[in-house]
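> the following comprises the amino acid sequence and a computationally predicted model.
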Amino acid sequence: MATILYAEDDADMRRFFEKALEKAGHNVIACSDGERALRALKFADGAFDLLLTDIMMPGVDGIELAKQAETLSPGIKVMFITGFAAVAMSDAKASEQTVLSKPVHLRQLVSEVDRLIAA
């Protein structure tokens with residue numbers, strides 16, 4: 001079981017993925033935007049195993065959130081879920097971060113999360 005920080009501004013998608021990850025045995029802290037996720041990171045003191053984030057969000061976007069997460073919580077694993085995978089691949093360190101394109105099937109999401117956490 002991993003502790004996952006999940007940032008997604010689409011409320012329906014956030015609830016849907018949060019429930020799927022919890023059903024798979026993970027502890028999920030879901031945030032509606034990058035600012036809230038950043039606050040959670042600052043107070044978590046390294047408690048998160050994985051940051052799962054959308055890229056396109058108002059305010060602090062997923063790319064900036066990932067950069068801050070790596071500074072605040074060295075060793076945290078990062079996974080992006082986005083409708084803009086090409087943007088993520090050019091801005092993210094693709095070899096170290098996983099990018100899933102929307103729409104994402106729940107089995108694929110859980111499988112990729114489990115694979116990344118186990119790596």
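Everything's here; your move. Numbering: from 1, shown residues only.

> the helices in the chain, which residues?
11-23, 34-44, 62-72, 85-91, 106-118 (DSSP state H).

> what comes up buried for the last one?
Along helix 106-118, the positions that meet the burial threshold by neighbour count (16 or more other C-beta atoms under 10 Å) are 109-110, 112-113, 116-117. All C-beta spots, glycine's among them, are computed from the backbone N, C-alpha and C.

> the bottom helix or strand of the protein by mean pLDDT?
helix 85-91 (a mean of 52; mean pLDDT, DSSP states H and E).

> what residues does stretch 75-85 touch?
Outside stretch 75-85, the residues within contact range by C-beta atoms under 8 Å, 6 or more residues apart in numbering are 8, 17, 46, 48-56, 62, 66, 69-70, 88, 92, 96-102, 104, 109, 112-113, 116-117, 119.

> okay, that stretch in CSV with CA atoms only?
Presented in CSV, the C-alpha positions along stretch 75-85 are these (Å, rounded to 0.1, in the frame of the first residue of the first chain):
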residue,chain,number,x,y,z
GLY,A,75,12.6,10.5,-3.8
ILE,A,76,8.9,11.0,-4.4
LYS,A,77,7.7,9.3,-7.6
VAL,A,78,5.7,11.3,-10.0
MET,A,79,3.0,10.3,-12.5
PHE,A,80,1.1,12.6,-14.8
ILE,A,81,-2.4,12.0,-16.1
THR,A,82,-3.3,14.5,-18.8
GLY,A,83,-5.0,15.1,-22.1
PHE,A,84,-1.9,16.9,-23.2
ALA,A,85,0.7,14.1,-23.1
